[in-house]
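Trainee: Have a look at this prediction, sequence included:
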Protein chains: 2
Amino acid sequence: MKEKENSYMLDDQVGYLLRLANQRHSALFQEVVPLRLTPTQFAALVKLAELGECSQNELGRRTAMDVATIKGVIERLRKKGLVDVNSDPNDKRRAILSIPKEQAKIVPKLFEAGHKISNLTLSPMTAPEKKTFLRLLKKLR
Amino acid sequence: MKEKENSYMLDDQVGYLLRLANQRHSALFQEVVPLRLTPTQFAALVKLAELGECSQNELGRRTAMDVATIKGVIERLRKKGLVDVNSDPNDKRRAILSIPKEQAKIVPKLFEAGHKISNLTLSPMTAPEKKTFLRLLKKLR
DNA sequence: TATTAAATGTTAGCATACAAACGATAAAAC
DNA sequence: GTTTTATCGTTTGTATGCTAACATTTAATA
């Protein structure tokens, strides 16, 4: 059975609903996250914490950010003192990123905030719904 | 049972997955949509087609766009000749938006493209999965 | 009626997000 | 060993998306 193409319900379309869900998440994120981090800054930081050290391009790939996007994100994190940037002596193209030792203690706080934000975002769902939703959402990568 | 807060899997978090799903949708959108419309330009246009005439602020509310965002979107649509902007004689604050008569014929093409994009975006899912996913996604508004 | 409050649209600033083009460097192919 | 290709990072341009402050106009209230 084919859809009628003389009608279109914007409010039922997956793209529109994804935008709304993102808006919801971003608003909750902002209320909970420490240090006024943005979602992308947060993603870059926790992934860098996971990897330990990493080049800028690789961190971008691991967090699904364009080279131009990760560049700006790292620059703002650097200004906040949350990321160190050093040049790789073995590869003059590379910039090696790391979290300064003095800032290591914030990582557990980021994890805690992250869990809280995820729970808040999914709070309109029951436990089995959350599980189903995340499973299906992962298909859209 | 409480989550361990000494670990955090970015790739399993709803916010990150929503960003990835949005990226997927945007890429497909761009391949299919006519006139190089962006997702927000598209949303504003089809909602305006649905409403017939509308003030700028109301169109923003109906498409979940901030006043500053809808302002820029309408300005770009106006430059493309896809939206007319006229001042309301009964309310000097208002700008009345409409789709020019010469452009009315593009609306069915937008609907067709919109259906195609939604189908492509959800193509990794089975029919029942699509239904479940959209039902759950609507809870995150 | 005068004051207050609310709605509409504008502008500026910050932060993604992506495309495209570029120089420098390193790796692969010949 | 030289040429070709690929990778890394930078810069520019366009388009959201939000906050905040603002002027104008309209509606509500005292």
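Mentor: That came through fine.
Trainee: At which residues are the helices of chain A located?
Mentor: A:14-32, A:39-51, A:56-62, A:67-79, A:106-121, A:127-137 (DSSP state H).
Trainee: Just the CA trace of the third one, in PDB.
Mentor: The one in question is helix A:56-62. Extracted C-alpha coordinates of helix A:56-62, given in PDB (Å, rounded to 0.1, in the frame of the first residue of the first chain):
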ATOM      1  CA  GLN A  56      42.500  15.700  17.000                       C
ATOM      2  CA  ASN A  57      41.200  14.000  13.800                       C
ATOM      3  CA  GLU A  58      40.900  10.600  15.500                       C
ATOM      4  CA  LEU A  59      38.900  12.100  18.400                       C
ATOM      5  CA  GLY A  60      36.600  13.700  15.800                       C
ATOM      6  CA  ARG A  61      36.000  10.400  14.100                       C
ATOM      7  CA  ARG A  62      35.400   8.600  17.400                       C
END
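Trainee: Mind listing residues that contact that helix?
Mentor: Helix A:56-62 has contacts (CB atoms under 8 Å, 6 or more residues apart in numbering or on different chains) with A:44, A:47-48, A:51, A:54, A:65-67, A:69-71, A:74, A:85, A:94-95, A:97. C-beta coordinates here come from the backbone N, C-alpha and C atoms, glycine included.
Trainee: ok, now with 10 Å
Mentor: Contact with helix A:56-62 is made by A:43-45, A:47-48, A:50-51, A:53-55, A:65-71, A:73-75, A:83, A:85, A:93-97, B:10-11, as judged by CB atoms under 10 Å, 6 or more residues apart in numbering or on different chains.
Trainee: Highest mean neighbour count out of the helices of chain A?
Mentor: Most buried of the helices of chain A by mean neighbour count (mean count of other CB atoms under 10 Å in any protein chain shown) is helix A:39-51; its value is a mean of 21.
Trainee: Any part of that helix near DNA strand D?
Mentor: No - against DNA strand D, helix A:39-51 shows no contacts by CB under 7 Å from any atom of the strand, the least distance being 11.3 Å.
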